[in-house]
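Peer 1: Here is a sequence together with a model predicted from it:
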Amino acid sequence: MDGRGFLGVRRWAAEAAVWLFLLAVAIVTHPTQGLAQTHNLLPPELTSPVPTAPGTGGATSPGSTLVPPPPLQPPSAPQPVPMIPPGQVALAVSARYGREAPAINGGVVWRVYTAKRDAAGAYRLVKEDRAVSPTFVLPPGNYVVHASLGLASAAKTVQLRAETVREVFEIPAGAIRLEGRVGDVRIPSGQILFDVFNGSQFNTAERRPIAHNVMTGDVVLLPEGTYYIVSNYGDGNSVVRSDVRVQTAKLTDIVVNHRAALITLKLVNDSQGEALANTQWTVLTPGGDVIKESIGAFPRVVLAEGDYHVIARNEGKTYQRDFKVIPGVDGEVEVLAR
C-alpha cells in the first residue's frame with residue numbers, strides 16, 4: 001500500500017470513530033390542532049443534570065434536557081487563552097448552528113474524551129466545560145470532543161501535536177416552547193403535560209418519548225427536524241397529537257388547542273343538595289369504554305367534547321345518567337340517588 005492509500009485508510013478510520021462515538025452517546029429515541037410562532041433562539045442556560053458519560057451504560061432520563069426560556073441578554077465574551085505549560089497543547093473550540101448560521105453563544109456543554117476505550121469499554125472523560133468558547137490544555141494525543149446543546153450534539157476526533165488547534169462545531173438545533181388552551185383560555189401549567197417524540201405521528205413504529213411530562217413554558221432544545229407532540233390535558237381522555245417542525249436557530253412557540261371541559265361529579269339526594277361521600281364513580285363513552293374511575297364526593301375529571309354515561313355506586317346501590325360535554329363549559333354533573 002502506498003502512502004496515499006495509507007492516509008486514506010487512516011482518514012476513513014477517524015471518520016468511522018466519530019460516527020461510532022455519536023452512536024454511543026445518542027439518546028434512544030387526532031389531527032394537528034395548534035398554532036406555532038418562531039423567534040430567534042437566544043442562548044439558554046442549561047439547568048439539567050450532567051449526562052452520564054458514554055460507555056458507562058447510563059442514559060439521561062426523558063425530559064432532563066428542559067431549559068428555561070432563553071434570556072434576553074448579549075452574548076457572553078469568550079474566555080481568554082490560558083498559559084500553555086511545557087509539554088501541553090491548547091485546543092480552542094466554539095459552536096455555531098450551521099456552516100452559514102450564527103454562532104451559539106451559550107448553553108453548550110463541552111466534553112473531551114480519550115479517543116480509545118478503556119479496559120471497561122468506556123470513553124474516559126478528560127475535561128468538561130460550559131463556557132462559550134473554552135480552550136482546553138491537554139497533553140499531545142488523540143481525543144474525541146463532544147458538544148451538546150439540549151438533545152442536539154456533535155462530535156469530532158481531534159489530533160493534538162505541538163501547535164494550538166482550533167475547531168468549530170456545527171450543531172443544527174432549535175427549540176420548542178409549549179402551552180395548551182381551551183378556546184382563548186390558557187390551561188394552567190399544572191393541568192397539562194406534553195410528551196415529545198421523534199418523527200411524525202403518522203409513523204406507526206413504536207417509540208419512546210425523547211422528552212416526557214414537559215410543562216407549560218418549558219423550552220426543549222432539539223436537533224432540527226420533525227417531531228410530534230402528545231398533549232394530555234387532565235387525566236381523562238383529552239389528548240391531542242400535533243406534528244411540529246424544529247428549525248435551526250429558532251425558538252418555536254406551540255399552542256395546542258383542546259376541545260374539552262372540567263367536570264365535577266356529585267351524587268345527591270335532591271337537586272343542588274349535599275354530595276354523598278364514599279361514592280364510586282365510573283365514566284364511560286356511549287359505547288361502554290371506561291374513561292375514568294374514582295372514589296369520592298366531588299371527583300373532577302377533564303373530558304373531551306362528546307356524550308358520556310356516568311355510573312355512581314353508594315352503599316350497595318347503583319345510580320346513573322347520561323350527560324354531554326361542551327368545550328370550554330366547565331360545570332357540575334349531578335346524579336340523583338333515586
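Peer 2: That came through, no problem. Since this is a predicted model, take the numbers as computed values, not measurements. Residues are numbered from 1 along each chain as shown.
Peer 1: how many neighbours does Ser153 have?
Peer 2: 21 (other CB atoms under 10 Å). C-beta: built from backbone N, CA, C; applies to glycine.
Peer 1: C-terminal to the helix or strand in which it is found, which secondary structure element comes first?
Peer 2: Here Ser153 is covered by strand 152-160, with elements defined by DSSP states H and E. Later in the chain than strand 152-160, the nearest helix or strand by DSSP H and E is strand 165-170.
Peer 1: can you give me how far that next one is from the chain middle?
Peer 2: How far strand 165-170 lies from its chain's middle: 27 Å, per CA atoms, centre = their mean, to the nearest Å.
Peer 1: Pull the residues that contact that strand.
Peer 2: 89-99, 101, 145, 147, 154, 156, 158-159 (CB atoms under 8 Å, 6 or more residues apart in numbering).
Peer 1: hang on, Gly190 in a helix?
Peer 2: Yes. Checked against DSSP: H, G, I helix; E, B strand; the rest coil, Gly190 lies within a helix.
Peer 1: If we ignore the residues flanking it in sequence, what's nearest it?
Peer 2: Met215 (7.8 Å; CB to CB, 6 or more residues apart in numbering).
Peer 1: List the residues that contact that neighbour.
Peer 2: Per CB under 8 Å, 6+ apart, neighbours of Met215: 189-190, 192-194.
Peer 1: Could you state which residue of the chain sits nearest its centroid?
Peer 2: Ala211 (3.0 Å; CA atoms, centre = their mean).
Peer 1: thought that one was touching Asp195?
Peer 2: Yes. The pair Ala211 / Asp195 is scored as a contact, 7.0 Å apart, by CB atoms under 8 Å.
Peer 1: tell me the mean pLDDT for stretch 221-234?
Peer 2: Stretch 221-234 carries an average pLDDT of 95.
Peer 1: and the residue nearest to Ala162 when sequence neighbours are not counted, what are its bridge partners?
Peer 2: The spatial neighbour of Ala162 that comes closest, neighbours along the chain excluded (CB to CB, 6+ apart), is Val89 at 6.6 Å. Going by DSSP bridges, Val89 is paired in beta bridges with Leu138.
Peer 1: Val89 - how many residues pack around it?
Peer 2: Every residue meeting other CB under 10 Å relative to Val89 is counted, giving 19.
Peer 1: And it, how far from Val132?
Peer 2: 21 Å (CB to CB, to the nearest Å).
Peer 1: got it, and Glu206?
Peer 2: 39 Å.
Peer 1: who has more neighbours, the two?
Peer 2: Val132 (21 against 5).
Peer 1: hang on, isn't that one packed against Val109?
Peer 2: No. Assessed by CB under 8 Å, Val132 is found out of contact with Val109, at 11.8 Å.
Peer 1: what pairs with the strand holding Ser153, and is each one parallel or antiparallel?
Peer 2: Assessed with DSSP bridges, strand 152-160 is paired to strand 141-149 (antiparallel).
Peer 1: angle of the partner strand against strand 165-170?
Peer 2: Here the directions of strand 141-149 and strand 165-170 differ by 30 degrees (axes from the mean of the first three to the mean of the last three CA atoms, to 10 degrees).
Peer 1: Report the mean per-residue pLDDT for strand 141-149.
Peer 2: 95.
Peer 1: Mind listing what's buried along it?
Peer 2: 143-149 (16 or more other CB atoms under 10 Å).
Peer 1: Can you pick out the most distant pair from the residues you listed?
Peer 2: Tyr143 and Leu149 (19.8 Å; CB to CB).
Peer 1: Which strands or helices does the helix or strand hosting Trp110 pack on?
Peer 2: Trp110 belongs to strand 109-117 when assigned by DSSP H and E. Packing partners of strand 109-117 (3 or more CB pairs under 8 Å, 6 or more residues apart in numbering; DSSP states H and E): strand 123-129, strand 135-138, strand 141-149.
Peer 1: Adding distance to Val255, write the ones you listed out as CSV.
Peer 2: Formatted as CSV, the entries for those read as follows, by distance: least, CB to CB, whole Å:
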stretch, distance to Val255
strand 123-129, 37
strand 135-138, 42
strand 141-149, 24
